[in-house]
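Trainee: attaching a predicted model along with its sequence, questions to come.
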Amino acid sequence: MKTPLWKIAHARSGDKADRADIGLFAFDAETYAVLKREVTKDRLARHFGAMLTGPVELWPLDNILALKIVLNGALQGGAARSLRMDNLGKNVAAQLLRMEIEAPESLPRLKKT
Amino acid sequence: MTKTVRIGAGLGFYGDAWHPIRASIERGGVQYIASDHLSELTLAILQKDRQKDPSAGYARDALPMLSDLWPAAAKHKVKFVLNAGGLNPRGAREAIGKLFKKNGWRARIATVTGDSVLERIDELRAAGETLAHMDSGADIGSVRERLLFASAYLGAQPIAEALAQGADIVLTGRVADAALTLGPLAHEFGWRWDDWDRLAAGLTLGHLLECSGQGSGGNFGSAGEWARVPDYANFGYPIAEVSADGSALLTKPPGTGGRVSFDTVRQQLLYEVHDPHAYFSPDVVLDMGTLRFDDEGGDRVRVTGASGAARPAQLKIVAGYHDGWMGTGMIGFAWPEAYAKCEKAAEVVQAWVKERGWPVEDTNVEYVGYNSLLGANADPTYRDQLNECFLRMTIRTKDRKVADGFGRLFPWLGLSGPPYVGSLKGVQPAKELLGIWPSLAKRGLIESRIETSLEEIK
């Protein structure tokens, strides 16, 4: 089934110069395995589209069931020269949580709802 | 009993709340408060202060903060390590010294200086440092004349030295945020500066403490879960109780709001981190891949397993340069067709800008209440049925007058634009835009200028 990430994960984002960075966290190990498979660099590049002017970087962290995502060139040159309301990229994580992925219905968080 | 050291988080940025620190001092059993007043850009604000008044240039919130908290801190023997010195740690000490004398308080206040390199750019280049942009490789010559500040990130060693000299308060300029925590730990436990795993543990804890409430459940990025974080009005800042081997218990003061759990701690761990297997600091390079967080319940998370690699040969310098001006205008419309009316208003403003032939490099159009925070990932389903919507437009221009004039176009829409208008609450002046210039320089060239000095206020 398709699910948006907000049902199965949590995320926070921040900024460093012209990079937006996101930590994406699975609530459980089963979901983490799905995130690792589905949340790919290509998929992320498509989701953020025109906002990106540089490559996507991605690291899985098995020890904390997390993906570290870096969106290079996503902040119009950086918080202090950005024209956006969200100049600090604090809502980039919220944008990510709207991404839909393919996931089994048996995931713990999907069973509940 | 084995020795532990308890360090509490102070501020997370210039202007952050200090009242939660009281609980850490009075009920949290902390020996140190590590307070971070400098974001990547705060030095630009402080540079402007200093241009107006040479005795300024430090984070002024340190004064009311210490004024409010020092009696409790002195009573509980709590020391403060803070980077509120900004561009002028000695000026900060002067001001704090006056405050303490006025109140009859005593303290030994140390300053750490040597981080600012704005006056040393040519000297560093002559010494062979190109100071090229770390990401793009561009020559710093292109922004040289527009630099507003340039400061190297110093590490924890001078802080540990200041504490060894007996400081009760250590005032630094730009240091790595986590150094405010690592410094006291290295001092207390006598960690060697090549004991990479222990330094990495200290760096981890510093990183978990450097954003005040974000380390104890604040800004918990989630759908629904955030609402289960208790008592936002009475938030407690995180506290690390650290053992000599670098392992620690992360918690918060009893009877406060917020939450310290596996989820809140790992969210802060990855915050503003690039490669998690090589998290650089001046003192050590941390691999986050071996860390373990064990949630013991009751706002207690055990932190173990940090591994470190040798510190980098170069230190990072972050400079900021003038990069034009931003003009801003905003206007709101109510139902019906709130969004369509915003679009029409944007069209009109764009026509006016064109008519005037203003030199505008970039235009940004956002709809507050619809997509100003979610951008292209906003859900368009209800776009045309919004109860109300605000147009926010910003431009980038080299001409300050144009940026000022841009905001003044918006009130005209009130009588000669679409109906049911709100938010005509004054015009926003031009805002200076800054570019960030990160670069690297050999450690020795920076460290040879570091000075710690101690003054006793009595």
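Mentor: Here it is on my side, so go on.

Trainee: tell me where the model's unsure across chain B.
Mentor: Within chain B, the segments meeting pLDDT under 70 span B:1, B:424.

Trainee: helices along that one, start to end?
Mentor: All helices of chain B, identified by DSSP state H, fall at B:21-27, B:42-52, B:62-75, B:89-103, B:121-126, B:157-164, B:179-189, B:196-209, B:262-269, B:338-356, B:400-407, B:413-416, B:443-447.

Trainee: who touches the first one?
Mentor: Okay, so that is helix B:21-27. Helix B:21-27 has contacts (C-beta atoms under 8 Å, 6 or more residues apart in numbering or on different chains) with B:8-10, B:30, B:33, B:35, B:65, B:68-69, B:72-73, B:76, B:78, B:236-237, B:239, B:252-256. C-beta coordinates here come from the backbone N, C-alpha and C atoms, glycine included.

Trainee: at 6 Å instead, please
Mentor: Where contact means C-beta atoms under 6 Å, 6 or more residues apart in numbering or on different chains, the residues beyond helix B:21-27 that reach it are B:8, B:10, B:30, B:33, B:69, B:72-73, B:76, B:78, B:236-237, B:239, B:253-254, B:256.

Trainee: now do the second one
Mentor: Applying C-beta under 6 Å, 6+ apart, the set of residues contacting helix B:42-52 from outside is B:14, B:56, B:57, B:86, B:87, B:148, B:149, B:151, B:320, B:434.

Trainee: look up the closest residue to the third one, ignoring the ones flanking it.
Mentor: If I follow you right, that is residue B:57. If the residues on either side of it in the chain are set aside, residue B:57 comes closest to residue B:50, at 3.2 Å by C-beta to C-beta, 6 or more residues apart in numbering or on different chains.

Trainee: now for the one you found, how many residues are close by?
Mentor: 19 (other C-beta atoms under 10 Å in any protein chain shown).

Trainee: and the gap between residue B:136 and residue A:69?
Mentor: 21 Å (C-beta to C-beta, to the nearest Å).

Trainee: more neighbours: these two, which one.
Mentor: For residue B:136 against residue A:69, the residue with the higher neighbour count under other C-beta under 10 Å is residue A:69, and the figures read 24 against 11.

Trainee: check which helix or strand covers the more buried one.
Mentor: Residue A:69 is part of strand A:66-72 when elements are defined by DSSP states H and E.

Trainee: which residue lies farthest from the center of chain A?
Mentor: residue A:81 (23.6 Å; C-alpha atoms, centre = their mean).

Trainee: not counting its neighbours along the chain, what's nearest it?
Mentor: In space, not counting the residues next to it along the chain, residue A:81 is nearest to residue B:433; the distance is 4.4 Å by C-beta to C-beta, 6+ apart.

Trainee: measure that neighbour to residue B:411 for me?
Mentor: Taken as C-beta to C-beta, the spacing of residue B:433 relative to residue B:411 amounts to 24 Å.

Trainee: out of those two, which sits in the busier spot?
Mentor: A direct count of neighbours by other C-beta under 10 Å for residue B:433 and residue B:411 places residue B:433 higher, at 23 against 16.

Trainee: so who does the more buried one touch?
Mentor: A:81, B:323, B:324, B:326.

Trainee: assess the claim that residue B:389 and residue B:340 are in contact.
Mentor: No - applying C-beta atoms under 6 Å, one finds residue B:389 not in contact with residue B:340, separated by 9.0 Å.

Trainee: ok, those two, which is more surrounded?
Mentor: Between residue B:389 and residue B:340, counting by other C-beta under 10 Å, residue B:389 is the more crowded of the two (24 against 15).

Trainee: could you tell me how many residues sit around the nearest residue in space to that one that is not next to it in sequence?
Mentor: Spatially, and ignoring its direct neighbours in sequence, residue B:389 is nearest to residue B:338 (4.0 Å; C-beta to C-beta, 6+ apart). Using other C-beta under 10 Å, residue B:338 is surrounded by 24 other residues.

Trainee: now do residue B:338 against residue A:4, distance only.
Mentor: When residue B:338 is compared with residue A:4 (using C-beta to C-beta), they lie 26 Å apart.

Trainee: next: residue B:127.
Mentor: Using C-beta to C-beta, we find residue B:127 at a distance of 53 Å from residue A:4.

Trainee: out of those two, which sits in the busier spot?
Mentor: Remark: of residue B:127 and residue A:4, residue A:4 carries more neighbours, 15 against 12, as counted by other C-beta under 10 Å.

Trainee: pretty sure the more buried one sits against residue A:100.
Mentor: Yes - using C-beta under 6 Å, residue A:4 is in contact with residue A:100, at 5.2 Å.

Trainee: tell me the secondary structure at the residue nearest to the spatial centre of chain A.
Mentor: Closest to where the C-alpha atoms of chain A average out (C-alpha atoms, centre = their mean) is residue A:96, at 4.3 Å. For residue A:96, the assignment made with DSSP: H, G, I helix; E, B strand; the rest coil gives helix.
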